[in-house]
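Chemist: Here is a sequence with its predicted model. Questions after.
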Amino acid sequence: MDTVPADTFDNTLVLLTVEEAARRLRIGRTVCYRLISSGELESITVGHLRRVPVDAVPEFVTRRRTRQQPTTTITTATAA
């Protein structure tokens, strides 16, 4: 019997369910819905179904990483 591990991604998918997007982000379904509601994670409706475009997941991560990177100031100690 051929079984596919749960963490294997189908590269042919264009849209993900909210649960699949949450799994890729390693967050819960409720948190994923909250991100969608706030507009932080892009989603579309297809009929009555909510779907997340595959490319929206890495875009969300990139935006978060950019926003959360600390601005560091390099200072050098000078001896007087």
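Modeler: That came in fine, so what should we check first? These figures come from a predicted structure and were not determined experimentally.
Chemist: Okay, helices next: where are they in the protein?
Modeler: Residue ranges of the helices in the chain, as given by DSSP state H, are 18-25, 29-38, 56-68.
Chemist: And the residue nearest to the spatial centre of the chain, what's its pLDDT?
Modeler: Taking C-alpha atoms, centre = their mean, the centroid of the chain lies closest to Val57, which sits 3.6 Å from it. With respect to pLDDT, Val57 has a value of 97.
Chemist: Which single strand of this protein contains the most residues?
Modeler: Taking residue count as the measure and DSSP state E as the definition, the longest strand of the chain comes out as strand 49-53.
Chemist: Tell me which strands that strand pairs with, and in which orientation.
Modeler: Paired with strand 49-53 in the same sheet, following DSSP bridges, are strand 15-17 (antiparallel), strand 44-46 (antiparallel).
Chemist: Can I get the ones you listed in TSV including mean pLDDT and distance to Ser37?
Modeler: Where C-beta positions appear, they are placed from N, C-alpha and C, glycine not excepted. Listed next are those as TSV, based on pLDDT from 0 to 100; distance: least, C-beta to C-beta, whole Å:
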stretch	mean pLDDT	distance to Ser37
strand 15-17	97	16
strand 44-46	97	13
